[in-house]
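Visitor: Sequence plus the predicted model coming up.
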Amino acid sequence: MNNKVMQWMEEKFMPIAGRIGSQRHLVAIRDGFIMIMPLIIVGSLAVLINNFPSDAFQNFMIYLFGDQWKNVGGNVWNGSFAILGLLAAASISYRLAKSYDVDGLPAALVTVASLIILTPVTKDWGISYEWTGAQGLFVAVIMSLVVTELFRMLMKSKFTITMPEGVPEGVVKSFKALLPAMIILILVGFLQALLTALGNTSLHQIVFESIQKPLQSLSNSLPTAIIIAFLNHLLWFFGLHGTNIIEPFMESMYLPLIEKNQSLFAAGMSAFDVPYIVTKPFFDSYVYIGGSGATLALLLAIFIAVKSAQYRSIAKLSAPAGLFNINEPVLFGLPIVLNPVMLIPFILVPIVLTITSYFALSLGIVPKTVAMIPWSTPPFISGYLVSGGSWMGVLLQIVNFAIATLLYLPFIKTADLAQMKQNKVA
Amino acid sequence: MKIILVCSAGMSTSMLVQKMRKAAQEKGLSATIDATSEAELGNHLDHTNVILIGPQVRYLAPKIKSKAEPHGIKVDIINSMYYGTMNGDKVLEQAQGLLEG
């Protein structure tokens, strides 16, 4: 690669990526999602167990616990994935407030209260589950940022009640948040009243129809998936944590898609028939095999074809963590980062895998993803789980793994020869 | 001496932590070494002397510095080659160098 281009990237593009990666609101969104991930995964596993595609298992569970055994998993899902928006709003707000050194809990409470005000009410006076989950995620994220910003400004302004000295701190704190909370809730209440009066609609409805829905169909396309794979690996090539930097966008755009797949799967639809192909588990399980760049395949290529002791020792060092999709040792140790020989395969392999996986799913050869599992779940196990318990998911991972290994082979061989030559000269 | 390593999830740095602990033990150095995610860093500032940042999240350095340096904590980015080869010895030296320098 041209040195000038590399230099330009390092000097101009990377600082921008860095600023995105450390931007306060985006960091709050990312960390907020990370905080609720355990709940999401628990909810997801509950659905997976409920719909495990094995008659023996299903019969066994009915025999053991009776016909109603699935209620447990359903209840767990109601308290996790189904209120994804509420959970995200609370935790993003908490994180954002903390970043300003403002008390996180009152901020989160006011945010949740505001979100509930904006959430449609069912005929028998219930909060509509339709909007507490992924369908309401955009509004949840936007509101958590807006409300928390308002809250922090008000907390630091004169609109707080100050207590005389000697009043216990707990009391002082609860009164300090009183006026800001009141102002915000009245504002949001007014907004909802206005929406009701004008068109009997809700912010959720408006945002979902005008922003979230179009973005979702865009997210589910092959070009978008390729752009994501490309960006992630370009960032990693320059030694920046690509997955981390694009995470706030990934979660906001792709969580609703996996939720939709999963809720249909939970309702009894087959994993082949659910609507969305591109999801976060799609990338985690089928593209990032062994971490970004599918580097587990690179390790195998090294074991097959490389003689240089340096590469082999890095590969050995990286293999155990690589099985759990952690690959910083090979990225920085080989290195792949800023190594012109590795640039092409490192970016090419994930793009090829994105394409093969996309077609394997869209042509109905492999079931679509219906489960959210930890990204650190080892490959080949993860393929089975995300596809709703299908061996075809594992098969796709094996095929992708083989393709990646073959693509890496010539490049690592070239790098190896160069390395050996260099050693001889030295 | 208390050293904290930071990366995005605290996972890859935790591998390096084990190597550094071993290196410290061999040197007969009494040091507390831990890994954490950036989000959790705020809870780990007490009694910390050195914060080392994984090279892949080096863009967080200015933010972490502004938080930690007022507490007298030294902050640096881990040398990427030592990071990649998980060289606990060298990274420990880097931390010691910061305290002396």
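Guide: Cool, the structure landed.

Visitor: Report the separation between the closest residue to B:Lys2 other than its chain neighbours and chain A.
Guide: Distance criterion C-beta to C-beta, 6 or more residues apart in numbering or on different chains; nearest residue to B:Lys2, sequence neighbours excluded, is B:Thr32 at 4.4 Å. All C-beta atoms are positioned from the backbone trio N, CA, C, and that covers glycine. For B:Thr32, the distance to chain A (C-beta to the nearest C-beta, to the nearest Å) stands at 23 Å.

Visitor: ditto for B:Pro55
Guide: Distance, B:Pro55 to chain A, by C-beta to the nearest C-beta: 6 Å.

Visitor: Same check on B:Ser14?
Guide: Distance of B:Ser14 to chain A, given as C-beta to the nearest C-beta: 9 Å.

Visitor: residues contacting that residue?
Guide: By C-beta atoms under 8 Å, 6 or more residues apart in numbering or on different chains, B:Ser14 lies in contact with B:5, B:35.

Visitor: about what we covered before: for the residue nearest to B:Lys2, give me its contacts.
Guide: B:Thr32 makes contacts with B:1-3, as judged by C-beta under 8 Å, 6+ apart.

Visitor: Which one of the residues you listed sits in the busiest neighbourhood?
Guide: The most crowded member of the contacts of B:Thr32, judged by other C-beta atoms under 10 Å in any protein chain shown, is B:Ile3 (26 neighbours).

Visitor: Isn't that one up against B:Leu29?
Guide: No - applying C-beta atoms under 8 Å as the test, B:Ile3 and B:Leu29 come out as separate, 10.5 Å apart.

Visitor: Tell me if the helix or strand of chain B with the lowest mean pLDDT is near chain A.
Guide: Least confident helix or strand of chain B, by mean pLDDT, DSSP states H and E, is helix B:61-68 with a mean of 88. Yes - Helix B:61-68 is in contact with chain A by C-beta under 8 Å from any C-beta of the partner chain, via B:62-63.

Visitor: For the next helix or strand after that helix, enumerate the helices and strands it packs against.
Guide: Next along the chain after helix B:61-68, taking DSSP states H and E as the criterion, comes strand B:74-77. On a contact count with 3 or more C-beta pairs under 8 Å, 6 or more residues apart in numbering or on different chains; DSSP states H and E, strand B:74-77 meets strand B:50-53, helix B:61-68, helix B:88-100.

Visitor: Just list the residues touching A:Val139, thanks.
Guide: A:85, A:115, A:118, A:131, A:203-204, A:207-208.

Visitor: any idea how far A:Ala305 lies from chain B?
Guide: Distance from A:Ala305 to chain B, counting by C-beta to the nearest C-beta: 21 Å.

Visitor: For that residue, give me its contacts.
Guide: Per C-beta under 8 Å, 6+ apart, neighbours of A:Ala305: A:409, A:412-413, A:416.

Visitor: pLDDT and distance to A:Gly189 added to the residues you listed, as TSV?
Guide: Below are those laid out as TSV (pLDDT from 0 to 100; distance: C-beta to C-beta, whole Å):
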residue	pLDDT	distance to A:Gly189
A:Leu409	95	63
A:Ile412	93	62
A:Lys413	91	67
A:Asp416	88	67
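
Visitor: Mind checking which of these are in helices?
Guide: Mapping the contacts of A:Ala305 onto helices (DSSP state H) picks out A:409, A:412-413, A:416.

Visitor: What parts of the stretch 101-250 of chain A come near chain B?
Guide: Going by C-beta under 8 Å from any C-beta, the residues of the stretch 101-250 of chain A near chain B are A:236, A:239-241, A:243-244.

Visitor: returning to what we had before: of the ones in helices among the contacts of A:Ala305, closest to chain B?
Guide: A:Ile412 (15.8 Å; C-beta to the nearest C-beta).

Visitor: Look at the closest residue to the closest one other than its chain neighbours and report its pLDDT.
Guide: In space, and not counting its chain neighbours, A:Ile412 is closest to A:Ala301: 5.0 Å by C-beta to C-beta, 6+ apart. pLDDT for A:Ala301: 96.

Visitor: With the one 10 residues further on instead?
Guide: At A:Tyr311 the predicted local distance difference test score is 91.

Visitor: Likewise for A:Asn75?
Guide: pLDDT, A:Asn75: 93.

Visitor: Show me which positions of the host helix or strand of it end up buried.
Guide: Element membership for A:Asn75, per DSSP H and E: helix A:70-78. By neighbour count on 16 or more other C-beta atoms under 10 Å in any protein chain shown, the buried set for helix A:70-78 is A:70, A:73, A:76-77.

Visitor: Which one of these is nearest to B:Gly88?
Guide: Set against B:Gly88, the nearest of those by C-beta to C-beta is A:Val76 (41.4 Å).

Visitor: what's the closest non-adjacent residue to the closest one?
Guide: In space, A:Val76 is closest to A:Ala46, 4.0 Å off (C-beta to C-beta, 6+ apart).

Visitor: what about chain A, any weak spots by pLDDT?
Guide: A:1-2, A:425-426 (pLDDT under 70).

Visitor: Could you chop it up by domain?
Guide: By the record's domain assignment, chain A is partitioned as A:80-219, A:222-425 (automatic domain parsing).

Visitor: from the ones you listed, which stretch is densest packed?
Guide: By mean neighbour count, with neighbours taken as mean count of other C-beta atoms under 10 Å in any protein chain shown, domain A:222-425 ranks first of the domains of chain A at a mean of 21.

Visitor: returning to that earlier point: narrow the contacts of B:Thr32 to those in strands?
Guide: Among those, the residues falling in strands (DSSP state E) are B:2-3.

Visitor: give me every residue that touches the residue nearest to A:Ile412.
Guide: Counting by C-beta under 8 Å, 6+ apart, A:Ala301 has contacts A:405, A:408-409, A:412.

Visitor: can you pull out the helices in the stretch 51-200 of chain A?
Guide: Here the stretch 51-200 of chain A has its helices, by DSSP state H, counting those that start in this stretch, at A:55-65, A:70-78, A:84-99, A:104-118, A:129-132, A:137-155, A:169-176, A:178-199.

Visitor: name the helices or strands packed onto the second one?
Guide: What it means is helix A:70-78. Applying 3+ C-beta pairs under 8 Å, 6+ apart, we find helix A:70-78 packed against helix A:24-50.

Visitor: Does anything pack onto the helix it packs on? Which helices or strands?
Guide: In terms of contacts (3+ C-beta pairs under 8 Å, 6+ apart), helix A:24-50 is packed against helix A:70-78, helix A:84-99, helix A:137-155, helix A:242-266.

Visitor: how about 7 Å then?
Guide: For helix A:24-50, the packing partners by 3 or more C-beta pairs under 7 Å, 6 or more residues apart in numbering or on different chains; DSSP states H and E come out as helix A:70-78, helix A:84-99, helix A:242-266.

Visitor: That one to helix A:70-78, inter-axis angle?
Guide: Here helix A:24-50 runs at an angle of 170 degrees relative to helix A:70-78 (axes from the mean of the first three to the mean of the last three C-alpha atoms, to 10 degrees).

Visitor: Can you point out the buried residues in helix A:24-50?
Guide: For helix A:24-50, the neighbour count (16+ other C-beta under 10 Å) marks A:25-37, A:39-41, A:43-50 as buried.

Visitor: between it and helix B:61-68, how big is the angle?
Guide: Counting by the same axes, to 10 degrees, helix A:24-50 lies at 100 degrees to helix B:61-68.

Visitor: how far does helix A:24-50 sit from the chain's center?
Guide: Averaging C-alpha coordinates over helix A:24-50 and over its chain gives two centres that are 8 Å apart (C-alpha atoms, centre = their mean, to the nearest Å).
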